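**Q** Predicted model and sequence below, questions to follow.
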Amino acid sequence: MTTHPTLSDIDRYAGGDPGLDEATVWSIEVHLEGCADCRARLAGSTTAESRALIAEVAVAVDREIAAGPAPRRSHAGIRQRVLVVALLPWVAMTTTVLVTAALLSHLLPEMPSLVLLLAPLAPLPGVAAAWSRRLDPAWELIAGTPSAGLAMLLRRTAVVLALVIPVLAGFGAGQGELALMLLPCLAFTAATLLLGSLVGVHRAAIGLMVAWAAVVVAPSLATAELPVLLEPAATGAWAVATVALAALTLLRAGQFRRLTTF
């Protein structure tokens, strides 16, 4: 939540109003973590009995903290490193596929560039794996926190892109096709997130990979010609599509708070 919640919403939150939906409750809680003014408004919305109980609990917690061991270092950085390690096999697989495609293109110069054909799909396996209940042992715990949603998905997607884009950039710079490799890659990543708000990120990634392979890759290999979508003249269209898909994804940010989205 980027704006302050209304006083009405704070009063309803303080009173435990069951009419508040989960997305609103999570947004208020996330906002309260960083806004002292709204925390003060929340304190003013509680009853005297509630404030007395909170004060009593605070004293007890402070006493237990003082008597207990020193606090441990945050594990956020460790979790991030674990995520990167979990993604490495997928990135290694993608790199192997692209290297194989480059070798085949070198051995079969009459065929269209396989690397260029596969570039839009390069990050999708990693994006699907970055938010997967099967690959993340703490998925339920993380998905149930207020910080879950599009912001967390974007952070994990950024990790995937940071690992995949240098590989594509190396091939693209070597073949003079850098823009035609990176822009479709970003557009398909944004499309995966947008469709993921409807059917789940994992299913969206698989669906886009199958569709691109059937509609573009297979016909291009059959005709030995690159499609119009991957001609230099299409660069502008890919840039516009990337921006539009990213904007639509941000507009559907609220859908990523539902656990079934992932």
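**A** Thanks, I have it. Since the structure is predicted, the reported quantities are computational estimates derived from the model, not experimental observations.
**Q** name the element the residue most central in space within the chain belongs to?
**A** When C-alpha atoms, centre = their mean is applied to the chain, the residue found nearest the centroid is L153 (2.3 Å). Per DSSP states H and E, L153 falls inside helix 150-175.
**Q** Also L194?
**A** Assigned by DSSP H and E, L194 falls in helix 178-199.
**Q** and if you look at E49?
**A** Using DSSP H and E, E49 falls within helix 48-67.
**Q** CA atoms of that helix as CSV?
**A** Taking Å, rounded to 0.1, in the frame of the first residue of the first chain, the C-alpha atoms of helix 48-67 are listed here in CSV:
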residue,chain,number,x,y,z
ALA,A,48,-8.5,1.6,27.0
GLU,A,49,-8.7,-2.1,27.9
SER,A,50,-6.8,-3.0,24.7
ARG,A,51,-4.1,-0.5,25.4
ALA,A,52,-3.7,-1.8,28.9
LEU,A,53,-3.4,-5.3,27.7
ILE,A,54,-0.9,-4.3,25.0
ALA,A,55,1.2,-2.5,27.6
GLU,A,56,1.2,-5.5,29.8
VAL,A,57,2.2,-7.8,27.0
ALA,A,58,5.0,-5.4,26.0
VAL,A,59,6.4,-5.4,29.5
ALA,A,60,6.3,-9.2,29.6
VAL,A,61,8.0,-9.4,26.2
ASP,A,62,10.7,-7.0,27.1
ARG,A,63,11.4,-8.9,30.3
GLU,A,64,11.7,-12.2,28.4
ILE,A,65,13.9,-10.6,25.7
ALA,A,66,16.2,-9.2,28.4
ALA,A,67,16.5,-12.6,30.0
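**Q** List the buried residues for it?
**A** Using 16 or more other C-beta atoms under 10 Å as the burial criterion, none of the residues of helix 48-67 qualify. To be clear about C-beta, it is placed using only N, CA and C from the backbone, and glycine gets the same treatment.
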